[in-house]
Structure formats: structure tokens, C-alpha cells
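Engineer: 3D, please:
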Amino acid sequence: MKVVSMILIVTLTSLASGLALAVTPPACEQIQNECGEAGFTRDLPAGRDLMTKCYEPLLKGQDVPGVKVDSDLVKTCNLQLHQKPKRANGARKRRSQSSL
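Structural biologist: Okay, the predicted model is just below:
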């Protein structure tokens with residue numbers, strides 16, 4: 001029983017990780033790819049860390065040596081990151097009776 005529980009936990013954790021990665025907005029993914037092409041990666045020591053040394057500084061408008069990203073792409077990424085998810089089937093949130 002312990003083995004089955006462990007397999008289930010590992011599977012669910014893997015699925016959750018995959019879902020988190022799948023929601024990267026397209027413009028942001030493009031910026032991450034540019035960082036990767038410039039030699040930044042998630043697997044190296046902190047000096048070449050893709051997220052903290054390339055991607056995040058670019059989103060803050062900072063220059064990163066060796067990486068050229070269009071400012072419009074950065075703006076689009078920031079907008080996409082801060083958009084609220086759309087509700088399925090055009091559903092709208094109902095106002096409570098107390099707010100009427």
C-alpha cells in the first residue's frame with residue numbers, strides 16, 4: 001500500500017509541475033528562450049541562472065549582457081503575466097445581494 005501511495009504522490013506532483021510550466025505566456029516563453037540561447041540555464045550555478053540573472057532583470061527593464069529583447073515583447077510579457085484568467089463559457093461572477 002505504501003508503494004502505491006508513493007507512486008500516486010509522485011505522479012500527482014509531476015502533473016502539477018507540468019501544469020505550472022504549461023501556463024507560461026507566449027511572450028514570456030520567447031524571452032526565456034532568448035535567455036537560454038545566450039547561455040543562461042536553470043541547471044547551472046547562480047551566476048548563469050536563467051530566471052534570476054536574465055529573465056527577471058529583463059522584465060524589470062534592465063539590460064542583460066548578451067541578450068537582446070524587444071521592449072514591446074517585454075511589455076507584452078508583463079501584461080500577459082498580470083492578466084486575470086478568463087472564466088469558462090463567458091460566465092460572469094454574480095454580485096452578492098449585499099452589494100446591491
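Engineer: out of the helices and strands in this structure, which is least certain?
Structural biologist: Sorted by mean pLDDT, DSSP states H and E, the helices and strands of the chain end with helix 2-22, the least confident at a mean of 50.
Engineer: what's the following helix or strand past it packed up against?
Structural biologist: Where DSSP states H and E defines the elements, the next helix or strand beyond helix 2-22 is helix 26-37. Packing partners of helix 26-37 (3 or more CB pairs under 8 Å, 6 or more residues apart in numbering; DSSP states H and E): helix 50, helix 56-59, helix 71-82. Glycine gets a C-beta too; all of them are placed from N, C-alpha and C.
Engineer: and the angle for helix 26-37 with helix 71-82?
Structural biologist: Orientation check (axes from the mean of the first three to the mean of the last three CA atoms, to 10 degrees): helix 26-37 against helix 71-82 gives 120 degrees.
Engineer: how about helix 26-37 as PDB, C-alpha atoms only?
Structural biologist: Extracted in PDB, the C-alpha atoms of helix 26-37 (Å, rounded to 0.1, in the frame of the first residue of the first chain):
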ATOM      1  CA  PRO A  26       3.900  33.100 -25.100                       C
ATOM      2  CA  ALA A  27       5.800  36.400 -24.900                       C
ATOM      3  CA  CYS A  28       7.400  35.300 -21.700                       C
ATOM      4  CA  GLU A  29       8.400  32.000 -23.100                       C
ATOM      5  CA  GLN A  30      10.000  33.800 -26.000                       C
ATOM      6  CA  ILE A  31      12.100  35.900 -23.500                       C
ATOM      7  CA  GLN A  32      13.100  32.700 -21.600                       C
ATOM      8  CA  ASN A  33      14.200  31.200 -24.900                       C
ATOM      9  CA  GLU A  34      16.400  34.200 -25.700                       C
ATOM     10  CA  CYS A  35      18.000  33.900 -22.300                       C
ATOM     11  CA  GLY A  36      18.600  30.200 -23.000                       C
ATOM     12  CA  GLU A  37      20.200  31.000 -26.400                       C
END
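Engineer: ok, back up a step: quick one, which of the helices and strands packed on helix 26-37 is packed in tightest?
Structural biologist: Mean neighbours per residue, mean count of other CB atoms under 10 Å, is largest over the helices and strands packed on helix 26-37 for helix 50, with a mean of 19.
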